[in-house]
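Asks: 3D model of this:
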Amino acid sequence: MLSKSNISLLQSLQHKKFRREHGLFLVEGYKSVSEFINSAYQVETVYHTQAVAPKMLKLSQKTNCLEISSAIIEKISALKTPPDVIAVIKIPQWPFLNATTLNKKFAIVLDGIQDPGNMGTIIRTADWFGIENIICSEDCVEVYNPKVVQATMGSLSRMNVHYVDLPLVLSATKLPVYGALLDGENIYSTNFGTEGLIVMGNEGNGLSDEVKRLVTKAITIPRAGNAESLNVAIATAIFCSEINRNKLK
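Replies: The predicted structure is shown next:
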């Protein structure tokens with residue numbers, strides 16, 4: 001049985017302020033929780049209802065599991081239809097970015113992404129294409145936001161997400177900086193090589209002027225129809241697909 005103070009703590013993790021204060025976030029649903037248990041993330045406690053007690057035996061024996069009522073799960077959950085499993089995960093402290101971390105690889109760089117759904121989809125897409133590092137400007141939506149975590153469908157468990165002073169990092173790198181811009185080279189004729197940073201901009205405003213100045217190669221997804229713009233998560237998927245296609249040539 002959870003105390004009122006424990007329930008209040010878990011409820012508070014729906015808010016960024018308290019996630020930062022406690023260094024914890026929530027993951028909901030058996031599949032996503034199992035992904036985190038089998039990852040480098042530190043799982044503090046897994047709460048579950050009696051209905052899924054037999055399934056919990058399949059999880060790591062090192063995992064601290066606690067059975068609680070459906071009514072309490074409902075109080076903790078951020079979802080309209082609460083799951084039977086919710087885990088409390090420790091927010092990791094990622095090491096400082098350096099050349100060794102990024103060399104001979106591609107990383108996705110996000111400049112001012114605000115929509116949780118877009119952020120979650122980008123993380124899931126990066127995981128699909130084997131990209132391990134996502135570098136975010138400090139004004140991006142927080143990846144431990146419940147809506148982002150849910151949208152990643154467990155892929156966040158395999159991702160290294162860094163929040164940085166973006167202009168500072170881009171100005172210091174020796175890697176190619178590919179920027180998604182309207183007036184760049186056609187993505188389908190671009191040779192991306194074997195490493196680089198793929199910079200995607202804010203949903204409404206694109207890349208900030210400061211970041212735009214640090215792009216070493218502007219890349220465009222050519223438009224064939226009449227849509228005014230392309231969703232940033234979809235655009236990121238096209239970039240990832242093209243980079244993967246280039247590597248397989």
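Asks: Please count neighbours and contacts with C-alpha atoms only from this point.
Replies: Noted.
Asks: ok, and what's touching the lowest-mean-pLDDT helix or strand in the chain?
Replies: Here the helix or strand of the chain ranked lowest by mean pLDDT, DSSP states H and E is helix 99-102, holding a mean of 81. Identification of contacts with helix 99-102 by Cα atoms under 8 Å, 6 or more residues apart in numbering yields 133, 173, 195.
Asks: How much space separates the last one from Lys62?
Replies: By that I understand Glu195. 38 Å (Cα to Cα, to the nearest Å).
Asks: I'd say Ala180 and Ile219 touch.
Replies: Yes. If you go by Cα atoms under 8 Å, Ala180 and Ile219 touch, sitting 5.2 Å apart.
Asks: could you pull out the strands for the chain?
Replies: 24-28, 43-48, 65-67, 85-90, 106-111, 133-137, 160-164, 177-186, 196-201, 217-220 (DSSP state E).
Asks: Could you pull out the helices in this protein for me?
Replies: Using DSSP state H, the helices of the chain run over residues 4-12, 16-22, 30-37, 53-56, 70-76, 99-102, 116-128, 146-152, 166-172, 209-212, 232-247.
Asks: looking at the ones you listed, which is closest to Pro92?
Replies: Taking Cα to Cα, helix 16-22 is the member of these nearest to Pro92, at 11.1 Å.
Asks: what's the closest one packed up against?
Replies: Based on contacts counted as 3 or more Cα pairs under 8 Å, 6 or more residues apart in numbering; DSSP states H and E, there is no element that helix 16-22 packs against.
Asks: average model confidence for that helix?
Replies: The average of the pLDDT scores along helix 16-22 is 97.
Asks: Other residues contacting it?
Replies: 12-13, 25, 142, 145.
Asks: what does stretch 182-193 give?
Replies: For stretch 182-193, the external contacting residues (Cα under 8 Å, 6+ apart) are 217-222, 239, 242-243, 246-247.
Asks: Pull the most distant pair out of these.
Replies: Farthest-apart pair in these is Pro222 and Lys247; separation 21.1 Å (Cα to Cα).
Asks: coming back round to it: which one's more surrounded, Glu195 and Lys62?
Replies: Glu195 (16 against 8; other Cα atoms under 10 Å).
Asks: Quick test: name the residue nearest the centre of this protein.
Replies: Ile123 (4.0 Å; Cα atoms, centre = their mean).
Asks: Same question for the least confident helix or strand of the chain: list its buried residues.
Replies: Of the residues in helix 99-102, Leu102 count as buried by neighbour count, 16 or more other Cα atoms under 10 Å.
Asks: cool, stretch 130-148 as well?
Replies: 130-138, 140-148.
Asks: quick one: terminal-to-terminal distance for it?
Replies: Termini of stretch 130-148 sit 19 Å apart (Cα to Cα).
Asks: outside of that stretch, which residues touch it?
Replies: Contacts of stretch 130-148 (Cα under 8 Å, 6+ apart): 14-16, 25-27, 78, 102, 105-117, 119-120, 123, 126, 149, 158-166.
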